[in-house]
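In: what's the 3D shape of this:
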Amino acid sequence: MAINVDKVYKVVLYILNKEQRGFLTPVQFNGLARQAQLDLFEKSFYDYNRAVIKGDRIGFSSEYGDLAANIQEKIDIFAKQATLTFTSGVASEPADLYRTVLIVANGDTEVEQVKKTELSYLTSNKLTAPSTSYPVYYAEGDSIKIFPTSITSAKIDYIKKPSDPVWAYTGGGTSAYTYSSGSSNDFELHPSEEVMLVTKILAYAGVVINDPTVIQAAQIKEADTFTKENS
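Out: Below is the predicted model:
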C-alpha cells in the first residue's frame, strides 16, 4: 500500500506548468516530498486523538463512518516489530523508531514504561521493585533501559518513521530527466492521502518558485479539507 512517487511528481508538474508558473527539479521535489510526507504522517496522530475525543463526546459511527478507525488504518501502515537485545539492561532503539507502542519480555510479560525519576522510588520499595514478573523500562537518548537488568531480550512493537520518498532519475542538466523506477522510493502514506499530499507539495513549491498564488490555492484547499473533517 503506497502512493506512486512518479504519479505525484507528474501531477505537481502538470499543475505548475499549466499556468506556466515554473519548473520543479527532481532534487527540489524530493526535498519537498519528504517534508510533505512527514507533515501528513505526524498530522495522523493529531487527527486520531481529535477523532477519539469527538467520538467519546457524540458517539462513534459504524464501519466506514468510524473516523477514528479510518485514521488508525493510516497509522497502522507504519506498525513494526523488532527484537531488543539488552546488555547490562541497555539496548539500542530501532533506527527507524518514531513511537513505542508496547514492549514485551519473557514471552508475554508487558514491560511498563516509567519515568527515569520514578525509578529510585520503585526500587526502594520491595512491593514495587522491578522483577521478571513486573519489569519496567525508560527511554534515554537512543537507548532503552530495562529493569531488572537480568532481562537480555524483549520484543518491541512500534510505529516506524516513514522512509523518504525519492524520484530517482538519469540525465538532467541540458538533457531531459528520465525516471528511474528501480532506484526510486514511493510514498508510504495511505492512498487516501494522495490529494492532500499533492496539495502540500504545491504549497511548498510555491515558496520555492516564489509564487504566492500557488501557496494561497494550496492553503485554501487545506482549510476546506479541515472544515469538512470537523463539520
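
In: for the residue most central in space within the chain, give its distance to residue 100.
Out: The chain has residue 41 as the residue nearest its centroid, 3.8 Å off, counting by CA atoms, centre = their mean. Remark: distance between residue 41 and residue 100 (CB to CB, to the nearest Å) = 16 Å. C-beta coordinates here come from the backbone N, C-alpha and C atoms, glycine included.

In: what about the strands in the chain?
Out: Counting by DSSP state E, one finds strands in the chain at the ranges 79-85, 90-92, 97-105, 109-110, 112-113, 136-140, 143-147, 153-160, 169-171, 177-179.

In: what's the most buried one of those strands?
Out: strand 143-147 (a mean of 20; mean count of other CB atoms under 10 Å).

In: now do that strand against strand 79-85, angle only.
Out: Using axes from the mean of the first three to the mean of the last three CA atoms, to 10 degrees, the direction of strand 143-147 lies 60 degrees away from that of strand 79-85.

In: spatially nearest residue to residue 2, not counting backbone neighbours?
Out: Excluding the flanking residues, the one nearest residue 2 by CB to CB, 6 or more residues apart in numbering is residue 186, at 4.1 Å.

In: can you count the residues close to that neighbour?
Out: Residue 186: 18 surrounding residues under other CB atoms under 10 Å.

In: for it, give me phi and psi.
Out: Dihedral pair for residue 186: phi -80, psi 160, per degrees, to the nearest 10.

In: how confident was the prediction at it?
Out: Predicted confidence (pLDDT) at residue 186: the value is 98.

In: contacting residues around it?
Out: 2, 3, 4, 5, 165 (CB atoms under 8 Å, 6 or more residues apart in numbering).

In: is the residue nearest to residue 105 when sequence neighbours are not counted in a bridge, and if so with what?
Out: Nearest-residue entry for residue 105: residue 154, 4.0 Å, with adjacent residues in sequence omitted and distances by CB to CB, 6+ apart. Note on residue 154: beta-bridge partners residue 84, residue 105, judged by DSSP bridges.
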